[in-house]
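>>> sequence below, structure please.
(chains A and B)
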Protein chains: 2
Amino acid sequence: MTKNTKVNAAILIIGNEILSGRTQDTNTSTLATWLNSIGVKVGEVRVIPDVEKTIIDVLNLLRSEYNYVFTTGGIGPTHDDITAQSVSKAFGIKYEIHKEAYKILEAYYKTGEFNEGRQKMVWMPENANLILNPTSGAPGFSVENVFCLPGVPSILKSMLGGLKNEIVGGKPILSLTVSLKTVESEIADSLTKVQNNNQDVEIGSYPFFHAGKLGVSIVIRSEDQSKIDECSSQILKFVNEKNIEVVDR
Amino acid sequence: MTKNTKVNAAILIIGNEILSGRTQDTNTSTLATWLNSIGVKVGEVRVIPDVEKTIIDVLNLLRSEYNYVFTTGGIGPTHDDITAQSVSKAFGIKYEIHKEAYKILEAYYKTGEFNEGRQKMVWMPENANLILNPTSGAPGFSVENVFCLPGVPSILKSMLGGLKNEIVGGKPILSLTVSLKTVESEIADSLTKVQNNNQDVEIGSYPFFHAGKLGVSIVIRSEDQSKIDECSSQILKFVNEKNIEVVDR
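The predicted structure is shown next:
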């Protein structure tokens, strides 16, 4: 899990509400899908509580191990929003009013509505780069390779477009899914052989029960389409020999 | 995050399909909700790939730091299911056919259907305790404080009932949600004061937009109902003073 020629990232979900089970995280899936599409492989995800020391320690570890770190949550106006001050401490830089963010929010709110609570959202690490928020005004920010996004899924999604030019990915990771009307144990041995013959391709096997259909989705992932095609043809060969039906999924 | 008189747990989600964004994890929320209800606080969640060394390293770290570790995924019959062998290596114990699991699956399948692929699912760490699976036969297992469950959410859910007597929790963690027709910045200062006055209670603030209603849910969590009640009355006091409407959520 060290940095290499491939581009990788870690996702750090900050929030007691995920750890208590109250809130179902969906930001991991949103971020991971988007990162894969721009050639960044997600190496790990961590969910941690709203505890300053934990945020600092985990962030410092992840930012040294991965090309990019994306945090979600903890950048709102309430007492449990401590991401910005924790990031400042992790980097050992000042936590202060960000002038550009201040101007953005001053313009965003009606006169008199940019109150003390909202002003908390413009406190950031010194010289942070802003990540613009087309949905609700308050920007996220980045420091070096750490990108801090909000926890509300719809707002987070709306901010990714503005990030595309900030993230330098590798080759996009391509994938092909072959779904079969079978059970995993019927294909396990044959699939193992295909994996052994194609060790630089990632082959996953996932049982599903969907719309009354029971089956297995085989997912082939690689940066190289020709390797995916080769793998796929080896899979379809044993699928034909076993008279297994290929289905939509 | 070391062991203490309170009972804590880590959740370890094993699976490339979560890291690629293909699959939305829901097991974290299921496990966390259930663990909270039996007095076990989830301290962290990690999602890691199907890589043996990573599984071994992370598992050995988490099992020394938390009272319990729950893993999900990687116990099926295919080549990417490597949880059982990785757990064996993490504990330094033999990976072998589990006789009781063998009998269970031999009885579960029709004659001739307990094939080589399915037999892989009875390979486990020596002397592992089985976690029975009322849905699809193949058991999970535990070794010391590590409990290994499948990745398929419906199967995982069906196995939790059988685990209740294995897990010794602390006092259940109680929670109360007060939902308000307001925005976070309107209540941020008052809520900070309540949190400062009640430092051993966990107060979270979560904006929502649901069924056309925009608002904030305040979640108060503690093992002590009287502390929750005290906090709640302090919150309702400023809510009344500010003429903020309490809503259902």
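
>>> now for chain A, the helix or strand with the poorest mean pLDDT.
Every helix and strand of chain A was ranked by mean pLDDT, DSSP states H and E. The lowest is helix A:116-119, at a mean of 88.

>>> in that one, what counts as buried?
For helix A:116-119, the neighbour count (16 or more other C-beta atoms under 10 Å in any protein chain shown) marks A:117-119 as buried. Where you see a C-beta, it was placed from the backbone N, CA and C, and this is true even at glycine.

>>> intersect the residues you listed with the contacts of chain B.
A:117-118 (C-beta under 8 Å from any C-beta of the partner chain).

>>> next, count neighbours for A:K103.
A:K103: 11 surrounding residues under other C-beta atoms under 10 Å in any protein chain shown.

>>> distance of it relative to chain B?
Taking C-beta to the nearest C-beta, to the nearest Å as the measure, A:K103 falls 17 Å from chain B.

>>> could you list the domains of chain A?
As given by automatic domain parsing, the domain ranges for chain A are A:8-163, A:174-247.

>>> which one of those domains is the most hemmed in?
Of all those, domain A:8-163 carries the top mean neighbour count, a mean of 20, counting by mean count of other C-beta atoms under 10 Å in any protein chain shown.

>>> now it, how far from the centre of its chain.
12 Å (C-alpha atoms, centre = their mean, to the nearest Å).

>>> span of that domain from start to end?
Domain A:8-163 has an end-to-end distance of 16 Å (C-alpha to C-alpha, to the nearest Å).

>>> helices or strands up against the helix or strand A:D189 falls within?
Using DSSP states H and E, A:D189 maps to helix A:184-197. Secondary-structure packing of helix A:184-197 (3 or more C-beta pairs under 8 Å, 6 or more residues apart in numbering or on different chains; DSSP states H and E): strand A:202-210, strand A:213-222, helix A:225-241, helix B:116-119.

>>> the helices in chain A, which residues?
Secondary structure of chain A by DSSP state H: the helices cover A:16-19, A:27-37, A:52-65, A:83-91, A:99-108, A:116-119, A:153-160, A:184-197, A:225-241.

>>> a markdown table for those, including distance to B:N197?
Listed next are the helices of chain A as a markdown table, based on distance: least, C-beta to C-beta, whole Å:
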| stretch | distance to B:N197 |
| --- | --- |
| helix A:16-19 | 19 |
| helix A:27-37 | 32 |
| helix A:52-65 | 20 |
| helix A:83-91 | 21 |
| helix A:99-108 | 29 |
| helix A:116-119 | 18 |
| helix A:153-160 | 31 |
| helix A:184-197 | 55 |
| helix A:225-241 | 59 |
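
>>> which of those helices has the lowest average pLDDT?
Lowest mean pLDDT within those: helix A:116-119, a mean of 88.

>>> kindly export it (C-alpha atoms) in PDB.
The C-alpha coordinates for helix A:116-119 follow below in PDB (Å, rounded to 0.1, in the frame of the first residue of the first chain):
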ATOM      1  CA  GLU A 116     -21.500  33.700  13.700                       C
ATOM      2  CA  GLY A 117     -22.600  30.000  13.100                       C
ATOM      3  CA  ARG A 118     -22.100  30.300   9.400                       C
ATOM      4  CA  GLN A 119     -18.800  32.200   9.800                       C
END
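
>>> so what touches that helix?
A:77-78, A:97, A:102, A:105, A:109, A:138, B:184-189 (C-beta atoms under 8 Å, 6 or more residues apart in numbering or on different chains).

>>> same thing but 10 Å
Helix A:116-119 is contacted from outside by A:76-78, A:97, A:101-102, A:105-106, A:108-109, A:137-138, B:183-192, using C-beta atoms under 10 Å, 6 or more residues apart in numbering or on different chains.

>>> ok, and the closest non-adjacent residue to A:V194?
Nearest residue to A:V194 in three dimensions, chain neighbours excluded: A:Q234, at 4.8 Å (C-beta to C-beta, 6 or more residues apart in numbering or on different chains).

>>> and for A:Y68?
That would be A:A9: by C-beta to C-beta, 6+ apart, it lies 4.0 Å from A:Y68.

>>> returning to what we had before: among the helices of chain A, which comes closest to B:N240?
helix A:116-119 (18.6 Å; C-beta to C-beta).

>>> look up how far chain B lies from A:A138.
Applying C-beta to the nearest C-beta to A:A138 and chain B gives a distance of 10 Å.

>>> an error on my part: the question was meant for A:A107.
From A:A107 over to chain B (counting by C-beta to the nearest C-beta), the distance is 16 Å.

>>> ok, that residue - contacts?
Counted by C-beta under 10 Å, 6+ apart, A:A107 has contacts A:114, A:137.

>>> same check on A:L130?
Neighbours of A:L130 in contact, by C-beta under 10 Å, 6+ apart: A:98, A:100-101, A:104, A:122, A:124, A:139-142, A:162.

>>> what's across from it in the sheet?
A:F141 (DSSP bridges).

>>> quick one: pLDDT of it?
At A:L130, pLDDT is 98.

>>> what's the spacing between it and chain B?
Here A:L130 is placed at a distance of 19 Å from chain B (C-beta to the nearest C-beta).

>>> repeat that for A:I220.
On the measure of C-beta to the nearest C-beta, A:I220 and chain B end up 12 Å apart.

>>> state whether that residue and A:I228 are indeed in contact, as I suppose.
Yes - under the criterion of C-beta atoms under 10 Å, A:I220 makes contact with A:I228 at 5.0 Å.

>>> overlap in contacts, these two.
By C-beta under 10 Å, 6+ apart, the residues touching both A:I220 and A:I228 are A:174-176, A:198, A:201-203.

>>> how about A:T26, phi and psi?
As for A:T26, its main-chain torsions (degrees, to the nearest 10) stand at phi -120, psi -10.

>>> ugh, wrong one, A:F114
phi -90, psi 70.
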